[in-house]
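S.K.: sequence unknown, structure follows:
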Ligand code: GDP
């Protein structure tokens with residue numbers, strides 16, 4: 001590809017993830033987007049729990065059994081001249097480190113909030129990770145067709161709970177049964193919820209922000225209320241600030257209802273216009289690489305095994321950071337300095353996984369892997385070595401003691417442990433005193449997947465004894481005295497031999513800090 005063409009292709013990319021609490025409507029809004037993109041023809045096809053039509057992302061057997069996606073997948077489509085990549089971040093019990101790591105591979109995030117519930121626990125956790133990256137965050141307040149909380153309240157909550165400014169891009173005219181439409185100050189129009197005719201859905205506002213006098217809504221008290229709200233917003237609300245948005249300090253807020261496909265297209269259009277194309281990426285040595293540089297580079301943010309039960313292969317998910325990917329290209333794997341030929345890349349949409357011929361910065365490619373890659377690895381072309389920064393580690397919250405049921409299976413047990421831990425789905429710790437294995441994960445399902453795969457791929461039945469949720473805090477080895485361990489914590493070491501305590505609860509952690517005020521305890525992200 002010529003330099004100019006590459007730059008044009010990169011500029012079309014919009015790579016993002018949707019973060020939300022379970023049931024806020026992420027799947028529903030994703031489906032609407034896929035409908036606009038022409039990827040699916042009817043809603044209800046993405047998560048076919050009830051129909052038995054499993055989603056395109058449900059590869060693993062365990063996923064089929066439970067009807068959920070275990071790990072994030074990628075959905076891509078072209079829409080209005082843009083090439084959109086949506087990276088799925090699983091919620092529910094399948095919440096995992098992959099969910100977090102996926103957020104390292106996107107250029108923007110969409111936060112879907114149930115307007116009746118406001119900001120919920122999982123949204124908060126995911127938001128923290130996105131905020132840390134300083135990327136733009138766009139908010140969709142969903143389920144407007146139901147009675148929700150006051151819109152002003154919802155915007156206020158962004159500031160109070162997430163410490164981010166909310167800037168309303170449109171405003172609901174009523175909600176639930178009284179929902180009339182959206183007052184869209186950004187586009188100077190009203191979007192009607194129930195237009196008599198589809199071509200009358202949008203009504204332009206005049207220079208004063210009013211509907212034409214003959215519009216029947218002008219006599220409606222809800223319209224008057226909206227005008228009051230909007231003028232209040234104009235006086236006291238946050239002013240739209242593209243710079244703050246780019247840094248993730250302000251979030252544009254849109255209202256709508258994903259289920260009734262109301263306000264979704266308005267959101268998508270505006271979001272794609274405001275969201276950034278891939279730009280330059282920071283490298284480990286603080287240098288930067290431009291997305292449209294001729295040098296290809298990318299990093300592995302996820303490894304998933306056994307997506308196709310017929311093959312015992314793994315797929316390494318690469319976020320392209322710069323340049324162009326072509327099938328069969330030769331790259332260097334930074335960690336080992338070995339050369340690799342990239343055959344067998346795969347695209348993710350649809351049941352028939354098609355081979356990707358070309359992809360550019362911003363895109364995700366999946367590479368069939370026979371064990372070359374580790375999470376966080378950098379690959380690049382050319383002589384100039386480069387390395388992406390290490391991916392952050394996330395503090396696990398749930399823990400299990402794990403042993404092989406059959407002592408004769410120790411060898412495959414250890415091999416399986418080692419390989420699965422390398423994929424990064426679970427963290428492995430060893431008890432400081434006894435050396436026993438302890439697994440830690442961000443979400444419960446990771447343990448089940450682990451157990452299932454040990455059985456299926458390594459032919460080893462494992463016994464797992466839950467030790468429940470714990471607070472993991474690392475301690476400086478210099479300050480460590482094994483006598484600090486008590487009945488309210490477990491002293492373990494991680495894969496890098498770094499010591500940490502698994503505290504029973506916050507009380508136990510506080511008790512510890514009171515007793516050893518000079519000891520510094522640290523969490524991962
Ligand atoms: P997810 O868990 O965030 O992916 O949420 P889903 O998209 O699966 O939605 C959870 C439930 O909320 C489903 O029953 C949806 O039909 C429903 N839902 C999603 N969006 C809306 C909406 O705009 N209005 C209403 N009333 N229900 C919605």
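M.R.: Alright, I've got the coordinates. Fair warning: this is a prediction, and the values are worked out from it, not measured in the lab. Residues are numbered from 1 along each chain as shown.
S.K.: Now that residue 358 has come up, it's in contact with residue 325, right?
M.R.: Yes - in terms of Cβ atoms under 8 Å, residue 358 counts as a neighbour of residue 325; the distance is 6.8 Å. Glycine gets a C-beta too; all of them are placed from N, C-alpha and C.
S.K.: State the pLDDT value of residue 45.
M.R.: Residue 45 is assigned a pLDDT of 50 by the prediction.
S.K.: wait, I meant residue 56
M.R.: Residue 56 is assigned a predicted lDDT (pLDDT) of 39.
S.K.: Grab the nearest non-local neighbour of residue 191.
M.R.: Closest residue to residue 191 in three dimensions, ignoring its sequence neighbours and counting by Cβ to Cβ, 6 or more residues apart in numbering: residue 182, at 4.4 Å.
S.K.: hang on, isn't that neighbour packed against residue 255?
M.R.: Yes - counting by Cβ under 8 Å, residue 255 is a contact partner of residue 182 at 6.1 Å.
S.K.: Now the common contact residues for the two.
M.R.: Overlap between the neighbourhoods of residue 182 and residue 255 consists of 170, 171, 172, 263, taking contacts as Cβ atoms under 8 Å, 6 or more residues apart in numbering.
S.K.: Which strand or helix spans the closest residue to the second one other than its chain neighbours?
M.R.: Okay, so that is residue 171. Excluding its sequence neighbours, the residue lying closest to residue 171 (Cβ to Cβ, 6+ apart) is residue 183, at 4.5 Å. With elements delineated by DSSP states H and E, residue 183 resides in strand 181-184, which encompasses its position.
S.K.: which strands and helices sit next to that strand?
M.R.: Strand 181-184 is packed against strand 171-173, strand 189-192, with contacts defined by 3 or more Cβ pairs under 8 Å, 6 or more residues apart in numbering; DSSP states H and E.
S.K.: deepest of those, which one?
M.R.: When you average the neighbours per residue for each of those (mean count of other Cβ atoms under 10 Å), strand 171-173 leads with a mean of 25.
S.K.: if we can go back for a sec, return the set of buried residues in the strand holding residue 183.
M.R.: Taking 16 or more other Cβ atoms under 10 Å as the basis for neighbour counts, the residues of strand 181-184 that come out buried are 181, 182, 183, 184.
S.K.: can you check stretch 11-24 too?
M.R.: For stretch 11-24, the buried set under the neighbour-count rule, 16+ other Cβ under 10 Å, comprises 11-22, 24.
S.K.: now swap in stretch 464-481 and tell me
M.R.: Buried positions in stretch 464-481, judged by neighbour count with 16+ other Cβ under 10 Å: 464, 467, 470, 471, 472, 473, 474, 475, 480.
S.K.: Kindly provide the distance from the second one to residue 402.
M.R.: Which is residue 467. For residue 467, the distance to residue 402 (Cβ to Cβ, to the nearest Å) stands at 10 Å.
S.K.: next one: the fifth one
M.R.: Spatial separation of residue 472 from residue 402 under the definition Cβ to Cβ is 16 Å.
S.K.: swap in the first one?
M.R.: With the distance defined as Cβ to Cβ, residue 464 ends up 5 Å from residue 402.
S.K.: got the residues of the stretch 301-450 of the chain near the ligand?
M.R.: Residues of the stretch 301-450 of the chain that fall close to the ligand, judged by Cβ under 6 Å from any ligand atom: none.
S.K.: near the ligand, from the buried residues of strand 181-184?
M.R.: On the criterion Cβ under 6 Å from any ligand atom, none of the entries of those sits beside the ligand.
S.K.: What is the nearest of the residues you listed to the ligand?
M.R.: The nearest member of those to the ligand, counting by Cβ to the nearest ligand atom, is residue 182 at 13.0 Å.
S.K.: What residues are bridge-paired with the closest one?
M.R.: Beta-bridge partners recorded for residue 182 (DSSP bridges): residue 172, residue 191.
S.K.: which residues does it contact?
M.R.: By Cβ under 8 Å, 6+ apart, residue 182 lies in contact with 170, 171, 172, 173, 190, 191, 193, 255, 256, 262, 263, 266.
S.K.: Then residue 104?
M.R.: Contact analysis of residue 104 by Cβ under 8 Å, 6+ apart lists 133, 301, 319, 391, 392.
S.K.: who does the third one bridge with?
M.R.: So the one you mean is residue 319. Here residue 319 sits in beta bridges with residue 299, residue 364, as judged by DSSP bridges.
S.K.: What is the burial count for it?
M.R.: Residue 319 is flanked by 27 other residues according to other Cβ atoms under 10 Å.
S.K.: isn't it right next to residue 107, touching?
M.R.: No - between residue 319 and residue 107 there is no contact under Cβ under 8 Å: 9.7 Å.
S.K.: anything in contact with each of those two?
M.R.: When contacts are counted by Cβ under 8 Å, 6+ apart, residue 319 and residue 107 are jointly contacted by residue 15.
S.K.: ok so, going back, out of the helices and strands packed on strand 181-184, nearest to the ligand?
M.R.: Shortest distance between the ligand and those, using Cβ to the nearest ligand atom, is found for strand 171-173: 12.0 Å.
S.K.: Which residues does that closest one contact?
M.R.: Residues lying outside strand 171-173 but in contact with it, judged by Cβ under 8 Å, 6+ apart, are 141, 144, 151, 179-185, 190, 193, 217, 222-223, 226, 229-230, 233, 255.
S.K.: got the phi/psi numbers for residue 483?
M.R.: phi -70, psi -10 (degrees, to the nearest 10).
S.K.: Distance of it relative to residue 236?
M.R.: 57 Å.
S.K.: Equivalent analysis for residue 20, please.
M.R.: Taken as Cβ to Cβ, the spacing of residue 20 relative to residue 236 amounts to 28 Å.
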